[in-house]
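S.K.: structure for the following, please:
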Amino acid sequence: MLEQIQEFILFQKSTGLSQKNILKNLSKEKKREKIGWQFLQIAGSSNSIQMAMLIFTVCFAAMLHQTAGQDASPFSSLSTSLTENQNAVVDEHNSLRRQVSPTASNMRKMRWNATIAANAQRWADTCAEAHSQRSDRQINGLICGENLYMSSTPNSWSMATQVWYAEDKDFVYGEGPKTEGAVTGHYTQVVWDHSYELGCAIAYCPDATYQGFYVCQYFEAGNYLNRINTPYKEGIPCGDCPDDCDYGLCTTATLA
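M.R.: Got it, this is the predicted structure:
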């Protein structure tokens, strides 16, 4: 069964202004320039999206492909060709996977995969600002999962990963989203137990409203519908891998 995807634009204030003031400023072009906005692609069900924490959402209908370049300013410092950025992505994922509540007995430790990263870069360079086709994100004939993040400013990879994980506030382990239509698919992919390799990439899309297009792809893929509400096995950390454990994460090659 193929997942249904909706694309949404998430405008998030970064100035500390109240929602009332932000809405007032929308009608004034000069004041609008004072408000910082970020773009985040949300993948969810076909139901309407209700997210009380957000200022507002508007439907994302289509985006034009733009000329891209991984090393173009101002996002060049975030290039995943740099080892420091590869480490930042992997370390942030592993840190967050250790923090799940309830704790996980079979959470695998993630590592960087250069082949997956190359696939992610090819997709990022399209500036499509939408999910890739499943056939375009495969490794050894198997499909990878995918998370996307878009921003008008060069936010760190750690921040992008934290934004995905922050959906946990709308998720109840064993039950799923707290409310109908709540977006939690980025979170469940970040903490999917059997995912153990990832590769990420960024592209600078100068002609787009939101110039930074971040892509992370995961192997093994997560978010299988038959257990989307239990992305990992609840239990004592490393309970399923007592002899292959790194601070709560399993390092064994295979898990049941």
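S.K.: which elements pack onto the helix or strand harbouring R122?
M.R.: Assessed by DSSP states H and E, R122 sits inside helix 114-124. Judged by 3 or more Cβ pairs under 8 Å, 6 or more residues apart in numbering; DSSP states H and E, the packing partners of helix 114-124 are strand 138-139, strand 197-204, strand 212-219. Placement of C-beta: from N, CA and C, glycine included.
S.K.: let's see 7 Å
M.R.: Contact partners of helix 114-124 among helices and strands, from 3 or more Cβ pairs under 7 Å, 6 or more residues apart in numbering; DSSP states H and E: strand 197-204, strand 212-219.
S.K.: pipe these into JSON lines and attach distance to T83 per row.
M.R.: Output for those, formatted as JSON lines (distance: least, Cβ to Cβ, whole Å):
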{"stretch": "strand 197-204", "distance to T83": "13"}
{"stretch": "strand 212-219", "distance to T83": "17"}
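S.K.: out of those, flag the one nearest G185.
M.R.: For the helices and strands packed on helix 114-124, distance to G185 was read as Cβ to Cβ. The smallest value, 11.9 Å, belongs to strand 212-219.
S.K.: okay, now the sheet partners of the very next helix or strand once past the closest one, with direction.
M.R.: Downstream of strand 212-219, the first helix or strand assigned by DSSP H and E is strand 245-246. According to DSSP bridges, strand 245-246 forms sheet pairs with strand 249-250 (antiparallel).
S.K.: quick one: mean pLDDT for the partner strand?
M.R.: What strand 249-250 shows for mean pLDDT is 98.
S.K.: give me the angle between the helix holding R122 and strand 197-204.
M.R.: 30 degrees (axes from the mean of the first three to the mean of the last three Cα atoms, to 10 degrees).
S.K.: can I get helix 114-124 in PDB, CA atoms only?
M.R.: C-alpha atoms of helix 114-124 as PDB (Å, rounded to 0.1, in the frame of the first residue of the first chain):
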ATOM      1  CA  ALA A 114      27.600   7.800   0.900                       C
ATOM      2  CA  THR A 115      25.500   6.000  -1.700                       C
ATOM      3  CA  ILE A 116      22.300   7.200  -0.100                       C
ATOM      4  CA  ALA A 117      23.700  10.700   0.300                       C
ATOM      5  CA  ALA A 118      24.400  10.700  -3.500                       C
ATOM      6  CA  ASN A 119      20.800   9.800  -4.200                       C
ATOM      7  CA  ALA A 120      19.600  12.500  -1.800                       C
ATOM      8  CA  GLN A 121      21.900  15.000  -3.500                       C
ATOM      9  CA  ARG A 122      20.500  14.200  -7.000                       C
ATOM     10  CA  TRP A 123      17.000  14.800  -5.700                       C
ATOM     11  CA  ALA A 124      17.900  18.000  -3.800                       C
END
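S.K.: much appreciated, bye for now.
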